[in-house]
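Student: Fold the following and give me the result.
(chains A, B and C)
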Amino acid sequence: MPKVTIPVGPQHPALKEPINFMVSVDGETIVDADMNLAYSHRGIEKLAESKTYLQNIYLVERICGICSHTHTTCFVQGVEELMGIEVPERGLYIRTLVAELERIHSHLLWTGVAGHEIGFDTLFMYTWRDRELALDLLEMITGNRVNYGINTIGGVRRNIKAGMKDQILKHIGKLEERVQYYTDMATTESTVLLRAEGVGHLPENEARKFCAVGPTARASNIPTDVRKEDPYAAYEELDFELITSDSCDILGRLIVRMQEMVESCKMARQLIENLPSGPIRAPMSREVPAGEVVSRYEAPRGECLYYVKSNGTFYPERLKVRASTYANWPAVVYSLKGYYIADIPLIIAAIDPCMSCTSRVAILDTKDGNERKVLDMDYLRTYGIKWYKEHGRGVRRR
Amino acid sequence: MSEIVNILLAVLYLLVFPGFLFLFFYGLFCEYFDRKLYARMQNRVGPPLFQPFADFVKLLAKEDIIPEKADKGMFSIVPLFAFAGVLTAILYIPIWRTDAVLSFEGDLVVVLFLLTIPSFALFFAGWHSTNLFSQIGAVRTVTQLFGYEIPFFFACLAPALIMGTWSISGILSQTVIRPEVLILLILAFIIAVISLQAKLERVPFDAPEAETEIAGGSLVEYTGRRLAIFRLMFNIKMVICAALITALFLGGPVLFPAVPGPEFIGYLLGFVVFLLKTLFVVFLLTMMRTVFARVRIDQLLKFCYGWLIPLSIVQFLLLILVRSMGWFA
Amino acid sequence: MREMEIETETGNLEKEERIKAEVVGKLGDKVEKVEIPRERRMFIYVKRKESFKDVVKFLKDWLGIIHVSAITGLDVGDKFEVLYHLFSYGKEKEGVEVTVKVSLPKTDPKIDSIVDLLPGAVLYERENHDMFGIVPEGHPDLRPLLLPDDWAETGGHPLRKDWVEEKEKEKEKEKEKEGRGE
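Tutor: This next block holds a predicted model:
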């Protein structure tokens, strides 16, 4: 077959969210790749400037469904630093516990998706079943399964009650066992090895060059982890290891994530066992003194960075969000080259992409002749009703 | 008079049993069996019994779209072509007794040929859809064909070699006489089942239609009726391939030891035995689907040429040795 | 008690002070000031945008800072500020977030691209180009990244403070018309 360019996305079964890769292939081999981001751009950075700090917690929580705690913690940390609030120990511990449970559920989710990308649906079904254990814990602690809404400026909103401890420890024990099982399975199953070993190679120097973060960087043997380098919340007091792998391929990323789940279970156990007593949040005022701050957080996908600038009012002057997936795209484009079409889904999935995190600012508009139009919800609604009236025949209603 | 009866009988065979009607329901049942088993092994509930049938009917009612740039004639005729190919093959495979509806010396080759038609149909379907994904799928289908077809042929011809006949019914009657020969064919059976998985384009050998890579491959442009026919064709192909393997390696509808009694009870029993054995083959195929991840097309070819073909040659050499020494005669 | 506190603080800030000393010592005239708000955080204010690339080059070559975390654009009234969040890898509790701050006049929002030095900045510079109209000179590819591909030149740069959504503009126009009608 001659050299052709195939579009992968924005709508493609391998992608759970919209992104577009224009992949040039020669036969089955990829020779070049180009990407197009931001199909789900939502204007959050602009919107944040017109909301108070407290409202913004709930806004940034909705940047991502999987790592919602990441965004609130990162934001709240920054604001607390601006206000000079000292968060009580117990609040920090609960925050960290939720963060680690979130990491477990995110990594399990990723393992399942990676399994699905290589046609290994059994792994997908199993990991997602066990992910429920982590989600149950999160629901018990925070009251929600996805957008936890537990962070607030100065601490957390819900306490851990005495009876919860046993339940949490029990579930963590189960999770540890399951994670061990998946580690064994994924690293010995021959077809998984065939697909993951040596694929999506990202050498250390290239990973540094493209500023890869999180498990992607750690699998390329870069020992970088915000929790270690720049400890926040309660991480300074925790005993855990920084996992790296020198295989630089997808198998490495798989193993790093698996081991990290083991570490997360360990951390969760430490947090529960050493949970200090006391208040869970410090009092706060609504006003934030002028200043600027850079807040960093290790999301399940890597480093997340917030820049908050305040001007002394109730509203932030500027809120900059850099989610972890965004930092990893150049590395993906690099590691696609030279592999097969069959490897595209897995290589893209290997960074655990989260498109909504990546794209935060946009305006809905369509091209209508030469005239640009901004379509609002009302317009779309009337348009839809009109369309169905005209095309009514053949379109059946339930 | 008898000619009319013969023609009517032939129509009956082709359209009702063991032809279209039986294959339609049994094919859908096999899909259910496969899906349910797959779901249970993955810790899911799985579909209800009539789900495949409901899917089929629903697809028939869906809008039928032909891409503007596609070759309309080819696009429409290819599913029917493939469907007719697999339907014909059942007539040569014994279902309730050792004799098939039709048989002649060499029908094994005809069946093997008829079973390759769907692969070519898929190629034409993909190629004439003029969609990038479907064309990649089409190329992969043909690439894969050269991988699995050789070991599959070798494996299916092994029984013919040892039994000394090229007719499926003939092989089966020989099997009844000396069932111990089947032990020699275990290796061929394993090769046949593995290459059958590739022939059916199922995980781990489903690169030609890999949903997460090329969005369904050859069939990406197919909708409605034509897709329904393709899907039904896949189900029937699975049944017929399972029936072929049953007849060649598992003794077909023959129960060992044979139960004495009236003829029709023997036929009924034979039919039940046939169903159980084909379901066993389907079970093996489902197991493979559950425990493996998809391999790439180049890895598949490597596997076929590196392992399956050498092994089937070993099987052949073994059988030639056995024949020349006169063992198991 | 107070003495101890001071001691620990200076002890903690050792690496930051080291970087500061290097930067101030070697780049003295190019850097306006260096702030250390807390442990592991630094702000370097660059005097003139022309010399900004030298600062990044120095940080890369002498201090081995090659990780770009993000690039933030800021609209501060009469000028833009661009913040380069660089990160110095380190062992446990050793990483330092170095933010290089440079201001640009709004009339000529051009700055040297650092993609040739730090290829990881490629997307962030494109993003600022979209959102603020800050042109990184020498950037290989300045197609719209976050904005739609058909985003017109007149569409403006959404994160500028004076930017108004088109819908709002239309509403205002309608209001004006209504006003005239009455």
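Student: Just want the most central residue of chain C.
Tutor: Taking CA atoms, centre = their mean, the centroid of chain C lies closest to C:Leu83, which sits 1.7 Å from it.
Student: That residue: what's it in contact with?
Tutor: By CB atoms under 8 Å, 6 or more residues apart in numbering or on different chains, the residues touching C:Leu83 are A:Tyr307, C:Ile71, C:Thr72, C:Gly73, C:Leu74, C:Thr99, C:Val100, C:Lys101. Any C-beta I mention is one placed from the backbone N, CA and C, and that applies to glycine too.
Student: out of those, who's nearest chain B?
Tutor: Distance to chain B across the contacts of C:Leu83 (CB to the nearest CB) is lowest for C:Ile71, with 33.8 Å.
Student: Surely the closest one is in a strand?
Tutor: Yes - the assignment for C:Ile71, made by DSSP: H, G, I helix; E, B strand; the rest coil, places it in a strand.
Student: Contact partners for it?
Tutor: C:Val82, C:Leu83, C:Tyr84, C:His85, C:Ala121, C:Tyr124, C:Glu125, C:Glu127, C:Asn128.
Student: Now do the strands in the chain.
Tutor: This is for chain A. Assigned by DSSP state E, chain A shows strands spanning A:3-8, A:20-26, A:29-36, A:151-152, A:155-156, A:291-299, A:302-310, A:316-322, A:365-368, A:371-374.
Student: Correction: the question concerned chain C.
Tutor: Here chain C has its strands, by DSSP E, at C:31-38, C:41-46, C:67-76, C:79-88, C:96-105, C:110-112, C:135-137.
Student: Please save the CA atoms from the fifth one in PDB.
Tutor: This points to strand C:96-105. Only the C-alpha atoms of strand C:96-105 are listed here, as PDB (Å, rounded to 0.1, in the frame of the first residue of the first chain):
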ATOM      1  CA  VAL C  96      13.000  23.500  42.900                       C
ATOM      2  CA  GLU C  97      10.300  25.100  40.900                       C
ATOM      3  CA  VAL C  98      12.000  28.000  39.100                       C
ATOM      4  CA  THR C  99       9.600  30.500  37.600                       C
ATOM      5  CA  VAL C 100      11.200  32.900  35.100                       C
ATOM      6  CA  LYS C 101       9.100  36.000  34.700                       C
ATOM      7  CA  VAL C 102       9.400  38.400  31.800                       C
ATOM      8  CA  SER C 103       7.200  41.200  30.700                       C
ATOM      9  CA  LEU C 104       6.300  42.300  27.200                       C
ATOM     10  CA  PRO C 105       4.700  45.400  25.900                       C
END
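Student: Give me the buried stretch members for that strand, please.
Tutor: If you call a residue buried by 16 or more other CB atoms under 10 Å in any protein chain shown, then strand C:96-105 has these buried ones: C:Val96, C:Glu97, C:Val98, C:Thr99, C:Val100, C:Lys101, C:Val102, C:Ser103, C:Leu104.
Student: Outside of it itself, list whatever touches it.
Tutor: A:230, A:294, A:296, C:15-16, C:19, C:40-46, C:49, C:52, C:55-56, C:59, C:65, C:69, C:76, C:78-88, C:90, C:110-111, C:134.
Student: could I get the contacts of C:Ile71 as JSON lines with distance to B:Ile190 and pLDDT?
Tutor: Converted to JSON lines, these look like this (distance: CB to CB, whole Å; pLDDT from 0 to 100):
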{"residue": "C:Val82", "distance to B:Ile190": "65", "pLDDT": "88"}
{"residue": "C:Leu83", "distance to B:Ile190": "64", "pLDDT": "89"}
{"residue": "C:Tyr84", "distance to B:Ile190": "62", "pLDDT": "89"}
{"residue": "C:His85", "distance to B:Ile190": "59", "pLDDT": "89"}
{"residue": "C:Ala121", "distance to B:Ile190": "56", "pLDDT": "85"}
{"residue": "C:Tyr124", "distance to B:Ile190": "56", "pLDDT": "86"}
{"residue": "C:Glu125", "distance to B:Ile190": "58", "pLDDT": "87"}
{"residue": "C:Glu127", "distance to B:Ile190": "56", "pLDDT": "84"}
{"residue": "C:Asn128", "distance to B:Ile190": "61", "pLDDT": "85"}
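Student: Leaving out the residues flanking it, which one is nearest to A:Tyr148?
Tutor: The shortest distance from A:Tyr148 to any residue other than its chain neighbours is 3.8 Å, reached at A:Thr142 (CB to CB, 6 or more residues apart in numbering or on different chains).
Student: same question, C:Glu35
Tutor: Distances taken as CB to CB, 6+ apart put C:Phe43 closest to C:Glu35, at 4.3 Å, once the chain neighbours are dropped.
Student: Repeat that for A:Val113.
Tutor: Spatially, and ignoring its direct neighbours in sequence, A:Val113 is nearest to A:Ala349 (5.7 Å; CB to CB, 6+ apart).
Student: C:Leu74 too?
Tutor: Nearest residue to C:Leu74 in three dimensions, chain neighbours excluded: C:Glu81, at 4.0 Å (CB to CB, 6+ apart).
Student: need the contact list for A:Val87.
Tutor: A:Glu80, A:Arg95, A:Gly154, A:Gly155, A:Arg281, A:Ala282.
Student: between these, which is nearest chain C?
Tutor: Among the contacts of A:Val87, A:Glu80 lies closest to chain C (CB to the nearest CB), at 12.0 Å.
Student: ok, that closest one - how many residues close by?
Tutor: Using other CB atoms under 10 Å in any protein chain shown, A:Glu80 has 20 other residues around it.
Student: what do you get for the one 5 residues further on?
Tutor: A:Ile85: 18 surrounding residues under other CB under 10 Å.
Student: same question, B:Lys69
Tutor: By other CB under 10 Å, 11 other residues sit near B:Lys69.
Student: now B:Phe249
Tutor: By other CB under 10 Å, the residues close to B:Phe249 number 24.
Student: residue contacts, the closest residue to it other than its chain neighbours?
Tutor: Excluding the flanking residues, the one nearest B:Phe249 by CB to CB, 6+ apart is B:Phe189, at 4.2 Å. B:Phe189 sits next to B:Ala155, B:Ile245, B:Phe249, B:Leu250 when contact means CB under 8 Å, 6+ apart.
Student: likewise A:Ala207?
Tutor: A:Thr216, A:Ala217, A:Ser220, A:Ile222, A:Cys248, A:Ala331.
Student: wait, the second one sits on A:Gly302?
Tutor: Okay, so that is A:Ala217. Yes - assessed by CB atoms under 8 Å, A:Ala217 is found in contact with A:Gly302 at 6.9 Å.
Student: More neighbours: which of these two?
Tutor: A:Ala217 (30 against 25).
Student: quick one: the more buried one from A:Ala114, how far?
Tutor: Counting by CB to CB, to the nearest Å, the gap from A:Ala217 to A:Ala114 is 18 Å.
Student: What of B:Ile297?
Tutor: For B:Ile297, the distance to A:Ala114 - CB to CB - is 20 Å.
Student: between those two, who's got more neighbours?
Tutor: Shown here are B:Ile297 and A:Ala114; by other CB under 10 Å, A:Ala114 has more neighbours (27 against 24).
Student: With adjacent residues omitted, what lies nearest to A:Leu169?
Tutor: A:Ile272 (6.1 Å).
Student: show me the contacts for the closest residue to chain B within the stretch 151-300 of chain A.
Tutor: Nearest residue of the stretch 151-300 of chain A to chain B: A:Thr191, at 4.1 Å (CB to the nearest CB). Going by CB under 8 Å, 6+ apart, A:Thr191 touches A:Ile118, A:Phe120, B:Pro204, B:Phe292, B:Ala293, B:Arg294, B:Val295.
Student: Sticking with B:Lys302, tell me its helix or strand.
Tutor: Taking DSSP states H and E as the definition, B:Lys302 sits inside helix B:297-303.
Student: Buried residues in that helix, which are they?
Tutor: Using 16+ other CB under 10 Å as the burial criterion, the residues of helix B:297-303 that qualify are B:Ile297, B:Gln299, B:Leu300, B:Leu301, B:Phe303.
Student: my read: the residue nearest to A:Leu169 touches A:Lys165, true?
Tutor: Yes - counting by CB under 8 Å, A:Lys165 is a contact partner of A:Ile272 at 5.6 Å.
Student: Good, wrapping up.
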